[in-house]
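[1] structure here, sequence nowhere to be found:
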């Protein structure tokens, strides 16, 4: 166990030193690496908590969650904006060059094509409503992103961060184990993590999700509630459990063994599920901006529905690859 | 041929006499039966035109098209409104009683549940935007329906209608054949109708349609063009060719032989495709009403996207049942 944890933490430490040493800007991916490392440690602490010193792990887990949460926001806002602007272009028929025949759209979930021209999006190809909706989302999400950037910078300079960093440094050299846990077998705890995942997947409405165009994801699309989609929660939960299972598996078999393509595809589908759900919520929220033009609101409505259908598509993709045998190619 | 045509027309004549005798109101389905009969004759004239007197069939075909077109509108507006109000309720999560678990939505394309309470829809369950959107659509489509009703009444009382009726009466007793067409084999012409259908289906983007959540149907969802969906045209065309094939098949094997479940399901999918496409267009058009509230426009945007996804779902359903063997149960 100690060896595995140290292995994780050595990587973190390296990144942390890079990150803390250099001025943390957009140019380096140090915050991202830090966030990933914090998430991994947090996951291992969760899965193997019975082997660890209880007080110590109770103390560090919320700190790691704070760190990874704070560092995640800036990237989340940026990619949400990318996703929404890309969708607006697709919905305006301007995402791909017009072909004389029947245009096959880009498969959903590909990296944003629009990223390159984010600075000067091709607004000429958009309708007034789509252009205004894009400008509104750009304004709102860029503001949120800028705030998240400042918050992340402040966090990385804070004494709270340095305290976490010190704790992690201790962890890297000496994992505080519970009494009698030294040399314990990690496999039962990793298996328990897998069982939690399997149980959560079994509770998902996979039959509905496997029936294309079931129209379930949009069922509260016109609800006044800003968070009208409790149906998303079990899917988000499975996403987290899938990640914990992957980390636990790495701790047992080592991270040199590549993750099965099935787990990878399932995880990607759930990431897409989460991204689309949040993008849909952002479109709905933008539509509540006072004094917007009807054309803007209409475009945001189309955009919201489109992203909720992406949510549904991601569920379909998840159940599809989950049922596949690990050997299948994707 | 004559026997088959007479068979069709006897039914028409009966309905026509009912329809012309009684005051044609909403209570009777005489206009509907008339429309169907006119459509069938028109279809037979089209398929078997080389066997018929050219001048005569050139003269009657536009008149039959005018009649069936005029009679179809009232019903089309009524069912479009039903479809849109039902969708608004579904999108507000109020179409089915709220279940504690994961609500499975009603399968798309079922008869409108809302028909019963069209007079007093359950607006309390809708959000402000959805309720306003519903009221706007109700106003616009009820007005259109009332106009269509008047136009149909006028048409049925017009001398133009009586001229068509007289021609059809002649047809029922004596089909004006082309020289040398008496006793000709209908099968090659029916086969040609089937070939036209097969060719048109082969030209459809069935690979795209068969891949769920391809997002193709909404690709011009934000276009300013009121008819932004040329991609729908080949599907509408296949719908018409499928109908012609069915009529031609009936003329050859008789209408006692039940239509294969595959043809029936394919036809229903294409009807749904047409209905959803027109409903989506109606939602988009309502959103262009001046001075509507942003919340109304937003709801109409969600509704438009929802119906375009129904279009996509109908394409998926079509390719799915088209590829099935005729023996398969549906």
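    Cool, the structure landed. It should be emphasised that the depicted structure is a prediction, and the values quoted were computed from it without experimental measurement.
[2] list the contacts of whatever residue of chain A ends up closest to chain B.
    When distances are taken as CB to the nearest CB, chain A reaches nearest to chain B at residue A:301, 2.4 Å away. In this view, the C-beta of every residue, glycine as well, is placed from N, C-alpha and C. Neighbouring residues of residue A:301 by CB atoms under 8 Å, 6 or more residues apart in numbering or on different chains: A:287, B:297-305.
[3] secondary structure element for the closest residue to it other than its chain neighbours?
    With CB to CB, 6 or more residues apart in numbering or on different chains as the measure, residue B:301 is the residue that lies nearest to residue A:301, at 2.4 Å, once sequence neighbours are left out. Assigned by DSSP states H and E, residue B:301 belongs to helix B:294-322.
[4] where in the stretch 51-200 of chain A is pLDDT low?
    In the predicted model of the stretch 51-200 of chain A, residues A:95-125 satisfy pLDDT under 70.
[5] can you pull out the helices in it?
    Across the stretch 51-200 of chain A, reading from the start of the chain, the helices by DSSP state H, counting those that start in this stretch fall at A:54-91, A:128-157, A:159-173, A:187-202.
[6] nearest residue to the spatially most central residue of chain A in space, please, no chain neighbours.
    The geometric centre of chain A, computed from its C-alpha atoms, lies nearest to residue A:271 (CA atoms, centre = their mean), at 5.1 Å. The spatial neighbour of residue A:271 that comes closest, neighbours along the chain excluded (CB to CB, 6+ apart), is residue A:239 at 7.0 Å.
[7] isn't the one you found right up against residue A:267?
    Yes: taking CB atoms under 8 Å as the definition, residue A:239 is a contact partner of residue A:267 at 7.3 Å.
[8] what parts of the stretch 201-330 of chain A come near chain B?
    Counting by CB under 8 Å from any CB of the partner chain, the residues of the stretch 201-330 of chain A lying close to chain B are A:205, A:208, A:212-216, A:218-224, A:228, A:231, A:287, A:292-306, A:309-310, A:312-313, A:316-317.
[9] against residue A:52, how distant is the residue nearest to residue A:301?
    51 Å (CB to CB, to the nearest Å).
[10] repeat for residue A:253
    Residue A:253 sits 21 Å away from residue A:52 when distances are taken as CB to CB.
[11] just residue A:65 next, same as before
    Here the distance between residue A:65 and residue A:52 works out to 16 Å (CB to CB).
[12] these two: which has the busier surroundings?
    For the pair residue A:65 and residue A:52, the greater number of neighbours falls to residue A:52 (22 against 13), based on other CB atoms under 10 Å in any protein chain shown.
[13] the more buried one: what's it in contact with?
    Taking CB under 8 Å, 6+ apart as the definition of contact, the neighbours of residue A:52 are A:45, A:175-178, A:181.
[14] got CSV for those, with distance to residue B:243 and neighbour count too?
    Compiled in CSV, the contacts of residue A:52 are given as follows (distance: CB to CB, whole Å; neighbours: other CB atoms under 10 Å in any protein chain shown):
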residue, distance to residue B:243, neighbour count
A:45, 66, 20
A:175, 73, 24
A:176, 76, 15
A:177, 76, 18
A:178, 74, 16
A:181, 74, 16
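[15] for my notes, please list those residues in TSV and give distance to residue B:247 for each entry.
    Formatted as TSV, the entries for the contacts of residue A:52 read as follows, by distance: CB to CB, whole Å:
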residue	distance to residue B:247
A:45	71
A:175	79
A:176	81
A:177	81
A:178	80
A:181	79
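[16] those residues: which two are farthest apart?
    In these, two members sit farther apart than any others by CB to CB. They are A:45 and A:181, at 13.1 Å.
[17] checking my notes, residue A:258 in a strand, right?
    No: when DSSP: H, G, I helix; E, B strand; the rest coil is applied, residue A:258 is found to be coil, with no strand at that position.
[18] could you tell me how many residues sit around it?
    Residue neighbour count, defined by other CB under 10 Å, stands at 7 for residue A:258.
[19] check it and give its pLDDT.
    pLDDT recorded at residue A:258 is 72.
[20] and if you look at residue A:306?
    Reading off the confidence values, residue A:306 has pLDDT 95.
[21] just the closest of the contacts of residue A:301 to residue A:260, please.
    Comparing the contacts of residue A:301 against residue A:260 with CB to CB places residue B:305 closest, at 35.5 Å.
[22] the nearest residue to that closest one once chain neighbours are set aside: what's it in contact with?
    Nearest in space to residue B:305, with sequence neighbours left out and distances taken as CB to CB, 6+ apart, is residue A:305 at 3.4 Å. Residues near residue A:305 by CB under 8 Å, 6+ apart: A:218, A:221, B:301-302, B:304-306, B:309.
[23] ditto for residue A:163
    Residue A:163 touches residue A:63, counting by CB under 8 Å, 6+ apart.
[24] what segments of the stretch 201-330 of chain A are helices?
    Ranges of helices in the stretch 201-330 of chain A, per DSSP H, counting those that start in this stretch, are A:206-210, A:233-253, A:261-287, A:294-322.
[25] just name the most buried of those.
    Counting by mean count of other CB atoms under 10 Å in any protein chain shown, helix A:294-322 has the highest mean neighbour count of the helices of the stretch 201-330 of chain A, with a mean of 27.
[26] between that helix and helix A:187-202, how big is the angle?
    Computed with axes from the mean of the first three to the mean of the last three CA atoms, to 10 degrees, the direction of helix A:294-322 lies at 130 degrees from that of helix A:187-202.
[27] picking up where we left off before, CSV for the contacts of residue A:305, including distance to residue B:161?
    Conversion of the contacts of residue A:305 to CSV gives the following (distance: CB to CB, whole Å):
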residue, distance to residue B:161
A:218, 44
A:221, 45
B:301, 41
B:302, 42
B:304, 36
B:305, 41
B:306, 39
B:309, 40
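[28] ok, back up a step: for residue A:166, which of the helices of the stretch 201-330 of chain A is the nearest?
    With CB to CB as the measure, helix A:233-253 is the member of these nearest residue A:166 (22.9 Å).
[29] mean confidence score for that closest one?
    Model confidence over helix A:233-253, given as mean pLDDT, is 91.
[30] ok, residues contacting it?
    By CB under 8 Å, 6+ apart, the residues outside helix A:233-253 that reach it are A:1, A:4-5, A:8, A:39-40, A:43-44, A:46-48, A:186-187, A:189-190, A:193-194, A:196-197, A:200-201, A:203-204, A:257, A:259, A:263, A:266-267, A:270-271, A:273-274, A:277, A:315, A:318.
[31] which of those are buried?
    By the neighbour-count criterion of 16 or more other CB atoms under 10 Å in any protein chain shown, the contacts of helix A:233-253 include these buried positions: A:1, A:4-5, A:8, A:39-40, A:43-44, A:46-48, A:186, A:189-190, A:193-194, A:196-197, A:200-201, A:204, A:263, A:266-267, A:270, A:273-274, A:277, A:315, A:318.
[32] tell me the contacts of the residue nearest to residue A:161 when sequence neighbours are not counted?
    Closest residue to residue A:161 apart from its sequence neighbours, by CB to CB, 6+ apart: residue A:155 at 5.6 Å. The neighbourhood of residue A:155, defined by CB under 8 Å, 6+ apart, consists of A:66-67, A:70-71, A:161.
[33] which of these count as buried?
    Buried by 16+ other CB under 10 Å: A:67, A:70-71, A:161, out of the contacts of residue A:155.
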